[in-house]
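Q: model this:
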Amino acid sequence: MSTDTKPSYDYEKDPAAIYRQSFSTVRAETDFASLPENLHPVAIRLIHACGMTDLPKDLRWSSGILEAAHSAIASAAPVFCDVEMVSHGIIKSRLPDRSEVICKLNDQQVPHLAGQLGTTRSAAAVELWRERLDGAIVAIGNAPTALFHLLELIADGGPRPAAILGFPVGFVGAAESKDALVNNPFEIPYLAVAGRRGGSAMAAAAVNALVAGLPEED
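A: Below you'll find the model as predicted:
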């Protein structure tokens, strides 16, 4: 291509301006009436991550989710993630120094455990959370089986996380696993999106909203 025909693109390059315009658009196009005001920053982060301004109608939460999550974060509780994509999306620089973001999916024990348990690697990896799960934050952004297995582990008397952020995605078990979370009898605080929607970006965005708030709040 000759320089005479080289295309020219007019687009925003300033990171701060991109953030400002993005979050302003989310606020302008989203109806937050179904949400308590203290959940608006989380919803804004989630919508920013997925681009779906109708998301608030599908958000589900328990009372005390923000308080429980903030308390766990302040005490440097670990954040357990079902997949690496969630862990890599979390803004670790905003966590307390001693906090850890942990994903066990690629631990060498997982394939054998999955075979023993007759389940997915994502669900088997949850078994490796046990030692530090009590009081932790759990962010699930991919595997419904991981969320189901976590609830089964708790039902069997296992350790209880401080808060569960449930965003598994897909067509098999995603909606059902989040229904199970919303109706869990363990009184563990949760935040989730109902139905098939979800994903790693949303799970990471939920953690980021809890640890970092919104960019304009800095």
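
Q: elements contacting the longest helix along the chain?
A: If you go by DSSP state H, the chain has its longest helix at helix 15-29. In this structure, helix 15-29 packs against helix 40-50, with contacts taken as 3 or more Cβ pairs under 8 Å, 6 or more residues apart in numbering; DSSP states H and E. C-betas here are computed from N, CA, C, even on glycine.

Q: could you point out the helix or strand that follows the helix it packs on?
A: Sequence order places strand 59-61 as the next helix or strand after helix 40-50, per DSSP states H and E.

Q: quick one: buried residues of the helix or strand just after that following strand?
A: Per DSSP H and E, the first helix or strand lying C-terminal to strand 59-61 is helix 65-74. For helix 65-74, the neighbour count (16 or more other Cβ atoms under 10 Å) marks 65, 66, 68, 69, 72, 73 as buried.

Q: let me see the ranges of the strands in the protein.
A: For the chain, the strands defined by DSSP state E occupy 59-61, 79-81, 101-103, 137-140, 163-166, 190-193.

Q: what's next to stretch 99-110, contact-wise?
A: 73, 76-84, 86-87, 90, 92, 95, 121-122, 124-126, 128-129, 132 (Cβ atoms under 8 Å, 6 or more residues apart in numbering).

Q: any idea of the mean pLDDT in that stretch?
A: In this model, stretch 99-110 has a mean pLDDT of 96.

Q: endpoints of that stretch, how far apart?
A: Across stretch 99-110, the terminal residues are separated by 23 Å (Cα to Cα, to the nearest Å).

Q: show me what counts as buried in that stretch.
A: Going by 16+ other Cβ under 10 Å, stretch 99-110 has these buried residues: 99, 101, 103, 104, 105, 110.

Q: tell me how far the fifth one lies from residue 81.
A: Read it as residue 105. 8 Å (Cβ to Cβ, to the nearest Å).

Q: any idea how far residue 40 is from residue 73?
A: Taken as Cβ to Cβ, the span from residue 40 to residue 73 is 19 Å.

Q: low-confidence ranges in the chain?
A: 1-3, 215-218 (pLDDT under 70).

Q: ok, now with 50
A: In the predicted model, the chain carries no residue with pLDDT under 50.

Q: let me see the contact set for residue 33.
A: residue 56.

Q: tell me how far it lies from residue 40.
A: 11 Å.
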